[in-house]
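K.L.:
structure here, sequence nowhere to be found:
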Ligand SMILES: CC(C)(COP(=O)(O)OP(=O)(O)OC[C@H]1O[C@@H](n2cnc3c(N)ncnc32)[C@H](O)[C@@H]1OP(=O)(O)O)[C@@H](O)C(=O)NCCC(=O)NCCS
């Protein structure tokens with residue numbers, strides 16, 4: 001299977017809402033991804049198998065040296081073939097070409113091997129605080 005990757009590639013709300021729900025195992029939402037990405041992202045990477053959206057990652061930005069990886073997701077039937085690793089590498093390349101010096105990422109411990117071994121992240125101490133409590 002050949003998958004094509006595109007930095008800041010076109011993407012529609014309906015297809016990304018469907019991939020996100022499948023990939024993260026939640027109900028179908030109606031997020032305005034196109035608006036959010038245009039307003040708040042340095043970039044994003046779209047992976048397509050022919051016309052079908054099979055992978056996505058979002059790169060948020062502080063406007064300077066720091067970019068932040070969010071929402072890495074690959075369609076269930078395309079996992080384990082290197083698509084996730086290629087998505088993250090394209091995000092690394094896009095952020096570096098935009099002049100960023102650091103790409104931050106956070107993940108659950110079961111994905112340690114994916115982000116460190118496959119994608120080259122160095123583990124750090126980091127934290128996350130819920131704003132809903
Ligand atoms: C995490 C995810 C993006 C990985 O995508 P993928 O296309 O399956 O990953 P790749 O095929 O590029 O994997 C690259 C390497 O990471 C390893 N890896 C991938 N997923 C892994 C997992 N869940 N646990 C441990 N290692 C994993 C693979 O074994 C592979 O190693 P190898 O090259 O030695 O075989 C995908 O499983 C996914 O969409 N998960 C659900 C959404 C999610 O949790 N996203 C992360 C948000 S932080």
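P.N.:
Cool, got the structure. A quick note: this is a predicted structure, and the numbers were derived from the prediction, not measured.
K.L.:
nearest residue to the middle of the chain?
P.N.:
Nearest to the geometric centre of the chain sits residue 57, at 1.6 Å (CA atoms, centre = their mean).
K.L.:
secondary structure element for that residue?
P.N.:
Per DSSP states H and E: residue 57 is located in strand 52-61.
K.L.:
can you check residue 84 too?
P.N.:
Per DSSP H and E: helix 83-97 holds residue 84.
K.L.:
what's near enough to touch the residue in the chain that the ligand sits nearest to?
P.N.:
Nearest residue of the chain to the ligand: residue 84, at 2.4 Å (CB to the nearest ligand atom). Yep, even glycine has a C-beta here, placed from its N, CA and C like the rest. Shown in contact with residue 84 (CB atoms under 8 Å, 6 or more residues apart in numbering): 55, 72, 74, 114, 118, 119.
K.L.:
the first one against residue 77, yeah?
P.N.:
No - Residue 55 lies out of contact with residue 77 (CB atoms under 8 Å); the separation is 11.4 Å.
K.L.:
who has more neighbours, those two?
P.N.:
A count of neighbours by other CB atoms under 10 Å puts residue 55 above the other of residue 55 and residue 77, at 25 against 11.
K.L.:
now do the SS call for residue 121.
P.N.:
Following DSSP: H, G, I helix; E, B strand; the rest coil, residue 121 is assigned to coil.
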